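> Take a look and give me a structure for this.
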Amino acid sequence: MPELDAKRLKRYCLTIQENIEDIRYLLSEYSDQELLGKRYLLKSLKYSLVEVAEAMANTLQHMLAKLKGEAAESYLEVVQKARRAELMDVELLERLLFFFKFSNLLIHRYWEIDDKRLLKETRKGYRDFEVFVNEINALLEKR
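Predicted coordinates:
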């Protein structure tokens, strides 16, 4: 079976890391009330989350294709298949599922997003993005 493209995966990880920095800054500098009250800040946070979800989905899709010979048509399908294939920590993928669903909602039906819940979930879960990157880097080091 073909080998993973380390350069591609590292590029995805870099995208995630850059967005983690932006998310961390927004969450540390502004309260939820400030973020909710300033549309441009909330839009910035949402955009960063979409970029993270896209980079994670691209990472998982690449791994599925190269390691399992499978494809997926959506973010949610790629996460389901990655969990089933145990490409990485299944519990981590479960925790990240909210962000894949959020991204899907934002892209297809943005009016259904509860901004307060989004902030709560982001504050609670954005560190898992770093765990994701660390797992990918550890996988690449093994190969």
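> so residue 35 is in which element?
Secondary structure assignment for residue 35, by DSSP states H and E: helix 32-37.
> List the contacts of that helix.
26, 41-42, 45, 115-116, 119-120, 123 (C-beta atoms under 8 Å, 6 or more residues apart in numbering). C-beta coordinates here come from the backbone N, C-alpha and C atoms, glycine included.
> Please render these as CSV that adds neighbour count to the earlier fields.
Compiled in CSV, these are given as follows (neighbours: other C-beta atoms under 10 Å):
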residue, neighbour count
26, 19
41, 15
42, 20
45, 23
115, 14
116, 11
119, 20
120, 12
123, 12
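> how about the residue sitting nearest the centre point of the chain, what does it touch?
What sits nearest the mean C-alpha location of the chain, by C-alpha atoms, centre = their mean, is residue 53, with 3.1 Å. The contact partners of residue 53, by C-beta under 8 Å, 6+ apart, come to 75, 99-100, 102-103.
> what's the helix or strand for the closest residue to residue 97 other than its chain neighbours?
The shortest distance from residue 97 to any non-neighbouring residue, by C-beta to C-beta, 6 or more residues apart in numbering, is to residue 79 (5.9 Å). If you go by DSSP H and E, residue 79 is part of helix 75-85.
> List of residues touching the lowest-mean-pLDDT helix or strand in the chain?
Counting by mean pLDDT, DSSP states H and E, the chain has its least confident helix or strand at helix 90-109, which shows a mean of 84. Here helix 90-109 makes contact (C-beta under 8 Å, 6+ apart) with 46, 49-50, 52-54, 56-57, 74-76, 79, 82-83, 112-113, 118, 121, 125, 128-129, 131-132, 135.
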